[in-house]
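Trainee: fold the following, please.
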Amino acid sequence: MKFSFAISFQTTNFKYIGKDDWIGQAETLSELGYDGVELGIRDPKKFDAREVNKVLKNYSLNLSAIGTGQAFSMTDFLFHQKYYYQR
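Mentor: Have a look, this model is predicted:
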């Protein structure tokens, strides 16, 4: 992979990544010659892997990473919380 850009899978106020309309951003990044995207995920329950795979394949993009920083920065949620009910 040569180039990848971080975009948000869900609407966010997180200012360090592309936000809103992740599918439109995927299309634009593909047109600009990017090879992949890092998807910022805030709520994993809203993540549909099949849909993501279909969209990325349609625009010839790879998934370079899944970022979870939004979950922490916006809600203090950590995926490795000590107690399961906190995850």
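Trainee: ranges for the strands of the chain?
Mentor: 4-8, 36-40, 62-67 (DSSP state E).
Trainee: the first one to strand 62-67, inter-axis angle?
Mentor: Okay, so that is strand 4-8. With axes from the mean of the first three to the mean of the last three CA atoms, to 10 degrees defining the directions, strand 4-8 sits at 50 degrees from strand 62-67.
Trainee: on that earlier part again, which one of the strands of the chain is the most hemmed in?
Mentor: Comparing these by mean neighbour count (mean count of other CB atoms under 10 Å), strand 36-40 ranks first with a mean of 22. No exception for glycine: its C-beta is placed from N, CA and C like everyone else's.
Trainee: where exactly do the helices run in the protein?
Mentor: In the chain, helices defined by DSSP state H lie at 22-31, 49-58, 69-75, listed in chain order.
Trainee: picking that back up, switch the strands of the chain over to CSV; also include mean pLDDT.
Mentor: Output for those, formatted as CSV (pLDDT from 0 to 100):
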stretch, mean pLDDT
strand 4-8, 78
strand 36-40, 88
strand 62-67, 88
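Trainee: kindly provide the distance from G40 to L63.
Mentor: Noted for G40: a distance of 12 Å to L63, by CB to CB, to the nearest Å.
Trainee: so, low pLDDT: which residues of this protein?
Mentor: 1, 9-20, 69-87 (pLDDT under 70).
Trainee: thinking again about what came up before, what's the closest of the strands of the chain to W22?
Mentor: Evaluated over the strands of the chain, closeness to W22 peaks at strand 4-8, with 5.3 Å, by CB to CB.
Trainee: what's the angle between that closest one and helix 22-31?
Mentor: Using the same axes, to 10 degrees: strand 4-8 against helix 22-31 is 170 degrees.
Trainee: with only the CA atoms kept, save strand 4-8 in PDB.
Mentor: Once non-C-alpha atoms are left out, strand 4-8 reads as follows in PDB (Å, rounded to 0.1, in the frame of the first residue of the first chain):
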ATOM      1  CA  SER A   4      -3.800   5.700   3.000                       C
ATOM      2  CA  PHE A   5      -6.100   8.400   4.500                       C
ATOM      3  CA  ALA A   6      -8.000   8.300   7.800                       C
ATOM      4  CA  ILE A   7     -11.800   8.800   7.500                       C
ATOM      5  CA  SER A   8     -14.600   8.400   9.900                       C
END
